[in-house]
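K.L.:
model the following, please.
(chains A, B, C and D)
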Number of protein chains: 2
Amino acid sequence: MGPSAVSSDRVLPYRDEHLSIDFDQQVAILDAERMILTRKEYDLLSLLVQHAGEIIPREALLMRVWGYGAEIRTRTLDVHVRRLRKKLGNYADQYIETIFGIGYRFQPFHAPRFFQHPSGKPAEALWA
Amino acid sequence: MGPSAVSSDRVLPYRDEHLSIDFDQQVAILDAERMILTRKEYDLLSLLVQHAGEIIPREALLMRVWGYGAEIRTRTLDVHVRRLRKKLGNYADQYIETIFGIGYRFQPFHAPRFFQHPSGKPAEALWA
DNA sequence: CCGCTTTTTACAAACTATTTACACGTCCGC
DNA sequence: GCGGACGTGTAAATAGTTTGTAAAAAGCGG
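P.N.:
Below you'll find the model as predicted:
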């Protein structure tokens, strides 16, 4: 198994008004239509959603989804986030927030959009 | 019993609009015409159909139909899938889906293509 | 041997992933 | 406010991997 294997633990399905994800079957459904995701896209979305509401630093994402260490500098993550957003259609920016200079955060559909950002320390379990 | 012996259990016949298979008699009928299948072709089709709707990883197919272990690298499976598709005529691609990077899946004739494409976790019972 | 099945080989096509290049935004000191 | 430095978004090019296909080689039972 490569670094792409984000998690094999049983995790409760995610579900909100538009999006639902079954982590066991690795199936994401957006407005009743199944999302066609590549492995990396799924892994990335998966990781973000499983930590919905938490900021996940670029480093952590690159580490968990790509197996990259802190040294590596790449735009790959951004490209994949872009593709994910595209597939999330209109809701894209509501779902995936960019936390400038830090990373990304997935927010459930109508989660209160507190101001953005920083001082909220990121999901520690992931990169500590 | 060689590795080709996929199953000797009694299994209920399969049947849909165009295809039916009697697993006891090992006979497959496509639009009222009996399919002429070689042993390997039958074993492969059989295994796929008996797990209709489930993704079966290459490894599992190679294991169950050929007795190959995970180390073995071969295109045999692909060639056999191709022959099967040929014999399935026009319905070929509707019946046998390719799950890129994972394996194959047989779908009953008008199964909701809901579950189309990629990246669902496969039939665990087969390779776990 | 002969005919049929299966496997291998070799290459084409399809698909996914990564990098590159650059436009655009945001931060921050002045 | 202004402007540069740096982060991010995006499209396009490139690389890498998997699958499809045809054809030849190998295997096998009669």
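
K.L.:
count the residues that sit near the closest residue to A:K87 other than its chain neighbours.
P.N.:
Once flanking residues are discounted, A:K87 sits nearest to A:M35: 5.6 Å by C-beta to C-beta, 6 or more residues apart in numbering or on different chains. Where you see a C-beta, it was placed from the backbone N, CA and C, and this is true even at glycine. Counted with other C-beta atoms under 10 Å in any protein chain shown, residues neighbouring A:M35 total 20.

K.L.:
what residues are up against the residue nearest the centre of chain A?
P.N.:
In chain A, the residue lying closest to the centroid (C-alpha atoms, centre = their mean) is A:L48, at 2.4 Å. Shown in contact with A:L48 (C-beta atoms under 8 Å, 6 or more residues apart in numbering or on different chains): A:56, A:61, A:96, A:104-106.

K.L.:
of those, select the buried ones using a PyMOL command.
P.N.:
To isolate the buried members of those in PyMOL, using 16 or more other C-beta atoms under 10 Å in any protein chain shown:
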select buried, chain A and resi 56+61+96+104+105+106
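
K.L.:
now, which of the contacts of A:L48 sits nearest DNA strand C?
P.N.:
A:L61 (11.4 Å; C-beta to the nearest atom of the strand).

K.L.:
can you give me the strands in chain A?
P.N.:
For chain A, the strands defined by DSSP state E cover A:14-15, A:19-22, A:27-30, A:33-34, A:55-57, A:96-99, A:103-106.

K.L.:
using CSV, lay out the ones you listed together with mean pLDDT and distance to A:V79.
P.N.:
Below are the strands of chain A laid out as CSV (pLDDT from 0 to 100; distance: least, C-beta to C-beta, whole Å):
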stretch, mean pLDDT, distance to A:V79
strand A:14-15, 92, 24
strand A:19-22, 91, 21
strand A:27-30, 89, 19
strand A:33-34, 86, 23
strand A:55-57, 90, 17
strand A:96-99, 91, 13
strand A:103-106, 92, 13
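
K.L.:
of all those, which lies closest to B:Y68?
P.N.:
strand A:27-30 (29.2 Å; C-beta to C-beta).

K.L.:
could the contacts of A:L48 be laid out in CSV, adding distance to A:R15?
P.N.:
As requested, the contacts of A:L48 are exported to CSV (distance: C-beta to C-beta, whole Å):
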residue, distance to A:R15
A:I56, 20
A:L61, 23
A:I96, 17
A:Y104, 21
A:R105, 19
A:F106, 13
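
K.L.:
chain center to stretch A:81-96, what's the gap?
P.N.:
Put simply, stretch A:81-96 sits 10 Å off its chain's centre (C-alpha atoms, centre = their mean, to the nearest Å).

K.L.:
which residues of chain A fall in helices?
P.N.:
If DSSP state H is used as the criterion, the helices of chain A fall at A:39-50, A:58-61, A:76-87, A:92-95, A:124-127.

K.L.:
what's the least confident stretch among those?
P.N.:
The minimum mean pLDDT among those belongs to helix A:124-127 (a mean of 45).

K.L.:
what's the residue lying farthest from the centre of chain A sitting at in phi/psi?
P.N.:
Distance from the centre of chain A peaks at A:E71, with 21.4 Å (C-alpha atoms, centre = their mean). Dihedral angles of A:E71 (phi, psi; degrees, to the nearest 10) stand at phi -70, psi -30.
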